[in-house]
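Student: My questions are about this predicted structure, shown below with the sequence.
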Amino acid sequence: MANNSGQAQSQVGYEDLDVSSTSKSFQSIPDHSTSFVRVHIQDADVRYRYDGEAAVAGNGGGQLLLAGSYHNIKGAEKIRKSRFIRNASTDAVIDCLYA
């Protein structure tokens, strides 16, 4: 895996996060110093917040992340405070790669 500067980053952890109708945070962050996670949204769109508040389905409930998309979340505090929820009636899975 390469970072934005093209340098290789080592993988330190991985998880599949099941996202349903309840706001959910990352469950397997390797340690508090983890400062990067790459997420791949699968199966359905989700809403995302990184301020510690619960994500809510629908408009205004957080940033919309589309099924099939990839996103980088940088910063240990943002990672710890991240919350996800499905955007509609279909559950989603988020593949999370910590580095």
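Tutor: Nice, I can see it.

Student: Surely Ser82 and Asp51 touch.
Tutor: No. Counting by C-beta atoms under 8 Å, Ser82 stays clear of Asp51, with 9.2 Å between them. Glycine gets a C-beta too; all of them are placed from N, C-alpha and C.

Student: and those two? which has more neighbours close in?
Tutor: Ser82 (24 against 11; other C-beta atoms under 10 Å).

Student: Identify the residues contacting the more buried one.
Tutor: Ser25, Phe26, Tyr48, Arg49, Tyr50, Ile73 (C-beta atoms under 8 Å, 6 or more residues apart in numbering).

Student: Now for Asp91: which residues touch it?
Tutor: Residues near Asp91 by C-beta under 8 Å, 6+ apart: Asp18, Val19, Ser20, Asp43, Ala44.

Student: of those, buried ones?
Tutor: Val19, Ala44 (16 or more other C-beta atoms under 10 Å).

Student: burial count for Arg83?
Tutor: 22.

Student: Dump the contacts of Asp91 to CSV, plus secondary structure.
Tutor: Listed next are the contacts of Asp91 as CSV, based on DSSP: H, G, I helix; E, B strand; the rest coil:
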residue, secondary structure
Asp18, strand
Val19, strand
Ser20, coil
Asp43, coil
Ala44, coil
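
Student: Just give me the residue right at the centre of the chain.
Tutor: Val39 (5.1 Å; C-alpha atoms, centre = their mean).

Student: For that one, pull up the helix or strand it's in.
Tutor: Using DSSP states H and E, Val39 sits within strand 36-42.

Student: Could you please name the strands that strand pairs with and the direction of each pair?
Tutor: Strand 36-42 sits in its sheet next to strand 70-74 (antiparallel), strand 92-98 (antiparallel), going by DSSP bridges.

Student: Does anything pack onto the very next helix or strand once past that strand? Which helices or strands?
Tutor: Next helix or strand after strand 36-42 toward the C-terminus (DSSP H and E): strand 46-49. Judged by 3 or more C-beta pairs under 8 Å, 6 or more residues apart in numbering; DSSP states H and E, strand 46-49 is in contact with strand 63-65, strand 83-86.
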